[in-house]
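S.K.: Okay, sequence plus prediction incoming.
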Amino acid sequence: MSKLTEKVAAFCENHPTLYKTILLVENMIKKPVFSCKSCGQCVMSYNAFTCCMRCPKQLRNGPCGGTRDNGHCEVYPDRRCIWWLINERSKKLGRQGKLKKYHVPVDRRLEGTSAWINMMAGKIEGWSWGKDLNEKSE
Ligand code: SF4
Ligand code: SF4
């Protein structure tokens, strides 16, 4: 993590109004566009810009194995399996290599916080500003 991004994140965290404004803007974009569930640890850039937290089991390394033959979810048969969608979109975007990355389980302590600021602060495990720490294993 670069010292500069850590300083920017710390500045935002120490100024509640600024922090709330950034969080508001982040939510205004990510909730309607990506159905963001505010996990605070965004992994969409690995998942063809599709939020995996829409999975009812909230799997970060899906699918669960119960995906139906028609690509629908085992929990909600009327919905597409989100990991089926992620795979299809990754194929279309030529980003299937990104799916090889293992993601640590979601840290519930970060729920409702700003993923943008958490990223800058280095609070997202396995992720460093401008560098994927798991890249060697891909
Ligand atoms: S991965 Fe987390 S932060 Fe990113 S869109 Fe999904 S719920 Fe929101
Ligand atoms: S079928 Fe897909 S969306 Fe449904 S629980 Fe399993 S991984 Fe999640």
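M.R.: Sure thing, it's come through. Ligands and ions are numbered 1, 2, ... in the order given.
S.K.: which parts of the lengthiest helix in the chain are buried?
M.R.: Across the chain, the longest stretch assigned as helix under DSSP state H is helix 16-34. Going by neighbour count (16 or more other C-beta atoms under 10 Å), the buried part of helix 16-34 is Tyr19, Leu23, Glu26, Lys30. (Glycine included, C-beta is placed from N, CA and C.)
S.K.: out of those, who's near ligand 1?
M.R.: Residues of the buried residues of helix 16-34 in contact with ligand 1 (C-beta under 6 Å from any ligand atom): Lys30.
S.K.: Ligand 1 contacts on this protein?
M.R.: Lys30, Phe34, Cys36, Lys37, Ser38, Cys39, Cys42, Val43, Met44, Cys51, Met53, Ala115.
S.K.: For the second one, give me its contacts.
M.R.: Translated: Phe34. By C-beta atoms under 8 Å, 6 or more residues apart in numbering, the contact list for Phe34 reads Met44, Phe49, Thr50, Cys51.
S.K.: now the buried residues of helix 16-34 as CSV including pLDDT?
M.R.: Shown next, in CSV, are the buried residues of helix 16-34 (pLDDT from 0 to 100):
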residue, pLDDT
Tyr19, 98
Leu23, 98
Glu26, 98
Lys30, 97
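S.K.: hang on, Leu18 packs against Ala9?
M.R.: No - shown here, Leu18 and Ala9 do not form a contact pair, counting by C-beta atoms under 8 Å, at 11.2 Å.
S.K.: what about dumping the CA coordinates of the longest helix of the chain to PDB?
M.R.: Only the C-alpha atoms of helix 16-34 are listed here, as PDB (Å, rounded to 0.1, in the frame of the first residue of the first chain):
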ATOM      1  CA  PRO A  16     -16.700  12.200   9.300                       C
ATOM      2  CA  THR A  17     -18.500  14.600   7.000                       C
ATOM      3  CA  LEU A  18     -16.100  13.900   4.200                       C
ATOM      4  CA  TYR A  19     -16.200  10.200   4.900                       C
ATOM      5  CA  LYS A  20     -20.000  10.200   4.800                       C
ATOM      6  CA  THR A  21     -20.000  12.200   1.600                       C
ATOM      7  CA  ILE A  22     -17.700   9.700  -0.100                       C
ATOM      8  CA  LEU A  23     -19.700   6.800   1.200                       C
ATOM      9  CA  LEU A  24     -22.900   8.400  -0.100                       C
ATOM     10  CA  VAL A  25     -21.500   8.900  -3.600                       C
ATOM     11  CA  GLU A  26     -20.100   5.400  -3.600                       C
ATOM     12  CA  ASN A  27     -23.500   4.000  -2.700                       C
ATOM     13  CA  MET A  28     -25.300   6.300  -5.100                       C
ATOM     14  CA  ILE A  29     -23.300   4.700  -7.900                       C
ATOM     15  CA  LYS A  30     -22.900   1.100  -6.800                       C
ATOM     16  CA  LYS A  31     -26.300   0.300  -5.400                       C
ATOM     17  CA  PRO A  32     -28.400   1.200  -8.500                       C
ATOM     18  CA  VAL A  33     -25.900   0.100 -11.100                       C
ATOM     19  CA  PHE A  34     -24.400  -3.000  -9.500                       C
END
